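**Student:** Take this sequence and fold it.
(one chain, ligands or ions: 2)
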Amino acid sequence: MAKRTVKDLDVNGKKVIVRVDFNVPLKDGVILDDNRIQAALPTIKYLIDNNAKIVLMSHLGKVNHKDADALAKDLETKSLALVAARLNELVDTNVVFVPATRGEQLETAINALNEGEIVVVENTRFEAGETKNDADLAKYWASLGDLFVSDAFGTVHRSHASNYGIAQHLPSALGFLVENEVEMLNKAVYEAQRPVVAIIGGAKVSDKILVIENLLNTADKILIGGGMAYTFFKAQGKEIGNSLLEADRLDIAREILEKGKDKIVLPVDSIAANDFANPTEVVTVDDVPEGFLGLDIGPKSLALFKDELQGAKTVIWNGPMGVFENPTFAQGTIGICEIIANLPDVFSVIGGGDSASAAINNGFADDFTHISTGGGASLEFMEGKELPGIAIIQDK
Ligand code: ADP
Ligand code: MG
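**Tutor:** Residues are numbered from 1 along each chain as shown. Ligands and ions are numbered 1, 2, ... in the order given. From the prediction side, this is the model:
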């Protein structure tokens, strides 16, 4: 990758628009965790230290422009005001929040910036044109600054006005967060040290077909768990009871098994229950009996996966091994975290929103080389797709 980074720009005295990812979890007016604000700090602090006039743009949640009542509610509850207030506590400079996405108040605030100061623009998705990459909107936003920095990894797989459109009009570079994500994911997928073991799980085969197909080219082994495993079992003619099945993906599952041959490793047992939402009977079984559904991989599978992971130099993980939201079915996912945590000299990366939060919430945040901040973006990276929000940034 030869994209320019923020260090390649002369930011001194310039108005620098930074697309950050301030899409934090909010509940009843409280920020539940400020990880995403923290993750944006290296680039923001660099720009403060190098005398830039900083304009931060981000979306927050989804905004419904189709229904007037829903829109009114979103405008009320999805403001970036709280985020700007939290940022103000984390940096040593003036942070001005502007409750608008265009117009005189915003322009005045930006023009009044001193070097090293920050304006936070209101939620970019309050503009209906944001997610459509509206050309006029992108042009207008670009007119507010001199330079553009892309530092929101969570949205680089989308071509929106604030991350793609602006970059079409201004000299641009990657921020430190996106630079690091690309470097880490590249090291996991395309410049990986062998042997490479990928662990793919999650609910559906259909979500992960492209990842598996791409990783079949680069990984030495692919361990499959989660709900998607049952479509593979069914393809092999096994009993799966009421487990998650995508009947329309049986052919592709067969194809993957054929193509993957020795590379693909399936679980050999399951933790199964009689009901998804309200399980009263939980059993450990090799094949899932009628009336039950498989909700986690079992202990024999964990032992098998542990064997397969020994000696790995690179581990890529996407998708939990079971319904980890319920502690009864979290052991497979936690077990994988423990196994990876204990591998010596391994480069380990999690890409995938749910697997990342499972690892973090169970205390394994420091046991991985890298946990991606962008679920959808890391998934598309692993699929081998070009990420438009990165592709549009100028080369060195
Ligand atoms: P990620 O976000 O890490 O890519 P996914 O979104 O693909 O992961 O999948 C996560 C979801 O898969 C979780 O909500 C989990 O409950 C579900 N899941 C995992 N195993 C099973 C299973 N055996 N049956 C049904 N759902 C499952
Ligand atoms: Mg997910």
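
**Student:** Any idea how many residues pack against residue 301?
**Tutor:** 24 (other CB atoms under 10 Å). C-beta coordinates here come from the backbone N, C-alpha and C atoms, glycine included.

**Student:** Hmm, I typed the wrong one, I wanted residue 383.
**Tutor:** 17.

**Student:** and it, what is it in contact with?
**Tutor:** In this structure, residue 383 makes contact with 210, 211, 214, judged by CB atoms under 8 Å, 6 or more residues apart in numbering.

**Student:** And it, its phi and psi?
**Tutor:** phi -80, psi -10 (degrees, to the nearest 10).

**Student:** okay, now the residue of the stretch 201-350 of the chain found nearest ligand 2: neighbour count?
**Tutor:** Nearest residue of the stretch 201-350 of the chain to ligand 2, counting by CB to the ion: residue 202, 6.4 Å away. Residues near residue 202, counting by other CB under 10 Å, number 22.

**Student:** Quick check: closest non-adjacent residue to it.
**Tutor:** Excluding its sequence neighbours, the residue lying closest to residue 202 (CB to CB, 6 or more residues apart in numbering) is residue 319, at 3.0 Å.

**Student:** Please verify my assumption that the one you found contacts residue 351.
**Tutor:** No: counting by CB atoms under 8 Å, residue 319 sits too far from residue 351 to count as a contact (9.4 Å).

**Student:** what about stretch 372-379 and ligand 2, touching?
**Tutor:** No: Stretch 372-379 is not in contact with ligand 2 by CB under 5 Å from the ion; minimum separation 5.6 Å.

**Student:** distance of the residue nearest to residue 202 from residue 196?
**Tutor:** Plainly put, residue 319 is 17 Å away from residue 196 if you go by CB to CB, to the nearest Å.

**Student:** the more surrounded of those two?
**Tutor:** residue 319 (27 against 20).

**Student:** related to what we said a few turns ago, save the contacts of residue 383 as CSV, and put in pLDDT too.
**Tutor:** Shown next, in CSV, are the contacts of residue 383 (pLDDT from 0 to 100):
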residue, pLDDT
210, 95
211, 96
214, 96
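
**Student:** Relative to residue 266, which of those residues is nearest.
**Tutor:** residue 211 (16.2 Å; CB to CB).

**Student:** buried residues in stretch 192-205?
**Tutor:** 192, 195, 196, 197, 198, 199, 200, 201, 202, 203, 205 (16 or more other CB atoms under 10 Å).

**Student:** re the thing from before, filter the contacts of residue 383 down to the buried ones.
**Tutor:** Members of the contacts of residue 383 classed as buried by 16+ other CB under 10 Å are 211, 214.

**Student:** now the helix or strand hosting residue 110, how far from the centre of its chain.
**Tutor:** If you go by DSSP states H and E, residue 110 is part of helix 104-111. Mean-position distance between helix 104-111 and its chain equals 33 Å (CA atoms, centre = their mean, to the nearest Å).

**Student:** mean confidence for it?
**Tutor:** Confidence for helix 104-111, expressed as mean pLDDT, is 98.

**Student:** Please name every helix or strand in contact with that helix.
**Tutor:** strand 95-98, strand 118-121 (3 or more CB pairs under 8 Å, 6 or more residues apart in numbering; DSSP states H and E).

**Student:** Out of the ones you listed, the one nearest ligand 2 is which?
**Tutor:** strand 118-121 (28.2 Å).

**Student:** Tell me which strands the closest one pairs with, and in which orientation.
**Tutor:** Using DSSP bridges, the strands paired with strand 118-121 are strand 53-57 (parallel), strand 95-98 (parallel).

**Student:** what's the most buried one of those strands?
**Tutor:** strand 53-57 (a mean of 26; mean count of other CB atoms under 10 Å).

**Student:** Need the contact partners of it.
**Tutor:** 13-20, 22, 40, 44, 47-48, 87, 110, 113-121, 124, 141, 144-145, 162.

**Student:** Contacts made by the helix or strand bottoming out on mean pLDDT in the chain with the rest, please.
**Tutor:** Every helix and strand of the chain was ranked by mean pLDDT, DSSP states H and E. The lowest is strand 26-27, at a mean of 90. Residues from elsewhere that reach strand 26-27 (CB under 8 Å, 6+ apart): 32, 60, 61, 77, 78, 82.

**Student:** chain center to whatever helix or strand comes next after it: distance?
**Tutor:** Proceeding N to C from strand 26-27, the next assigned helix or strand is strand 30-31, under DSSP H and E. Relative to its parent chain, strand 30-31 has a centroid offset of 21 Å by CA atoms, centre = their mean.

**Student:** which ones are touching the residue of the stretch 201-350 of the chain closest to ligand 2?
**Tutor:** With CB under 8 Å, 6+ apart, residue 202 has these contacts: 208, 226, 227, 228, 318, 319, 320, 352, 354, 355.

**Student:** Roughly how far does the nearest residue to residue 351 once chain neighbours are set aside sit from ligand 1?
**Tutor:** Of all residues not flanking residue 351 in the chain, residue 378 sits nearest, at 3.0 Å (CB to CB, 6+ apart). Residue 378 is 8 Å from ligand 1, where distance means CB to the nearest ligand atom, to the nearest Å.
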